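A.B. asks: for reference, the sequence and a predicted model appear below.
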Amino acid sequence: MTSPDASTVPLPGSPISRRSSRRLRVRRSAAITGAAFVAWLAVTPLSLALIVEQPLWGAFSTAAGFLILLVPVAVSMWAWRSGVDVTSEGIAVRGLFTSRTIAWKHIDGFATDNEGVAAILDDQAQVRLDPLKPENLPQVLAIGGQELRTDDAEDER
């Protein structure tokens, strides 16, 4: 059995230290960030017109212009930051402003469906692990030092 410390071998000149542990980072598609950039390019003329020309009630136009300009930026930040980080200590679910770390000892199992994967906690609550897909589960379990068991294997016992 290999220790988590020896699982990552740094390349020469790499900033990864020998003591780093394995980690899986799953983020949303980069297409969302690209679409947000295109949306930002599309709304920039409208927002600048609202800010500079102020066709509606002065301060309202300025505020609306800034809000219209910031929506694509917020979507891009959300797509870039939100996701799932899996380490040997547990699973971290990240949102735009929030982060929740769930230790492996509190995870009883995983539920999969067409939407993705959810972790079933020891209190039977479910936490969605977006954008994790069912095909990522073997990697997730390997990093956490867990074994893969299916319902079929439990029924045979």
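C.D. replies: Everything's here; your move.
A.B. asks: now do the phi/psi pair for residue 76.
C.D. replies: phi -60, psi -40 (degrees, to the nearest 10).
A.B. asks: what do you get for residue 63?
C.D. replies: Backbone torsions of residue 63, given as degrees, to the nearest 10, read phi -60, psi -40.
A.B. asks: what confidence value was assigned to it?
C.D. replies: Per-residue confidence at residue 63 stands at 92 (pLDDT).
A.B. asks: quick one: it from residue 75, how far?
C.D. replies: Distance, residue 63 to residue 75, by Cβ to Cβ, to the nearest Å: 19 Å. The C-beta positions use only the backbone N, C-alpha and C, and glycine is treated the same way.
A.B. asks: more neighbours, the two?
C.D. replies: residue 75 (18 against 13; other Cβ atoms under 10 Å).
A.B. asks: surely that one touches residue 34?
C.D. replies: No - the pair residue 75 and residue 34 does not pass the contact test of Cβ atoms under 8 Å, sitting 11.0 Å apart.
A.B. asks: you'd agree residue 118 is in a strand?
C.D. replies: Yes - Residue 118 sits within a strand when classified using DSSP: H, G, I helix; E, B strand; the rest coil.
A.B. asks: so what pairs up with the residue nearest in space to the middle of the chain in the strands?
C.D. replies: For the chain, the residue nearest the mean C-alpha position is residue 83 (0.4 Å; Cα atoms, centre = their mean). On DSSP bridges, the residues paired with residue 83 through beta bridges are residue 27, residue 94.
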